[in-house]
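Trainee: Following is a predicted model, sequence given first.
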Amino acid sequence: MGRLKMLRGVEACYRQEHAVAPVLLQDESDVDDFIDSLSCGQSRENLAQLHSLDRNPLPSGYPDHELLVGVDGIRGVGVLSFMDSENYVSRGSGGKASRYYLSGCLQEFPAGAEISIDSVRRAVREFLLAGGCRPKCIDWDVPEIWPYGSELTEEEARWVGEANSGWGGYSG
């Protein structure tokens, strides 16, 4: 009988304090708590950056991949983006471009990228249990154009300005 490989888990950053101390996801209940936290959190903190600890880093020490996880609890939808040697975005059933915020920093997603929160949850569980591989339980698109740069509302412009002064993203 073969031995099961012990997974080290996934680091999640979605609040400013997580840049120094990421949240560690090690099992499905951690994933559920994480998705619920994103769903119920502030609208300026509804996107997370995930890195699997079960993949080898690049020679620079930085991760060779990234899973972005967005959850809009009010609308009951979310979005995923997976990056390694290519960029992928979740494929939903339509809709317009959407905006999510990683610790106040704006990230836009292409039209049709939003999926159900249950689908987001399943994909994050799979990402954890598969050691950081791109989840196969949802459909993906390779975006031709990333829609960053559309008109911001006055409030969004203020958030982006505030966030960019205090958040540097993943710190390794």
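Mentor: All right, it came through fine. Treat the numbers as computed from the prediction; the structure is a model and nothing was measured.

Trainee: Low-confidence stretches in this protein?
Mentor: Low-confidence regions of the chain, defined by pLDDT under 70, span residues 1-6, 145-172.

Trainee: Please name the nearest non-neighbouring residue to residue 70.
Mentor: Leaving aside its chain neighbours, residue 70 sits nearest to residue 100 (3.6 Å; criterion: C-beta to C-beta, 6 or more residues apart in numbering). In short, each C-beta sits where N, CA and C put it, glycine included.

Trainee: Where does the one you found sit: helix, strand or coil?
Mentor: Using DSSP: H, G, I helix; E, B strand; the rest coil, the structure places residue 100 in strand.

Trainee: isn't it right next to residue 77, touching?
Mentor: No - look at residue 100 against residue 77 with C-beta atoms under 8 Å: they stay out of range, at 10.4 Å.

Trainee: Tell me which stretches of the protein form strands.
Mentor: For the chain, applying DSSP state E gives strands covering 10-13, 23-25, 47-52, 66-72, 77-83, 87-90, 98-102, 105-109, 115-116, 140-141.

Trainee: what's near enough to touch the residue nearest to residue 7 when sequence neighbours are not counted?
Mentor: Once flanking residues are discounted, residue 7 sits nearest to residue 54: 5.6 Å by C-beta to C-beta, 6+ apart. Contacts for residue 54 (C-beta atoms under 8 Å, 6 or more residues apart in numbering) come out as 7-9, 131-132.

Trainee: that older thread, which residues does the residue nearest to residue 70 bridge with?
Mentor: With DSSP bridges as the criterion, residue 100 is bridged to residue 107.

Trainee: Give me the distance between the nearest residue to residue 55 once chain neighbours are set aside and residue 34.
Mentor: Of all residues not flanking residue 55 in the chain, residue 132 sits nearest, at 4.2 Å (C-beta to C-beta, 6+ apart). From residue 132 over to residue 34 the distance is 15 Å, taken as C-beta to C-beta, to the nearest Å.

Trainee: how close does the closest residue in space to residue 124 that isn't next to it in sequence sit to residue 20?
Mentor: Take residue 124 and drop its neighbours on the chain: the residue closest to it by C-beta to C-beta, 6+ apart is residue 31, 5.1 Å away. Computed with C-beta to C-beta, the distance linking residue 31 and residue 20 is 22 Å.
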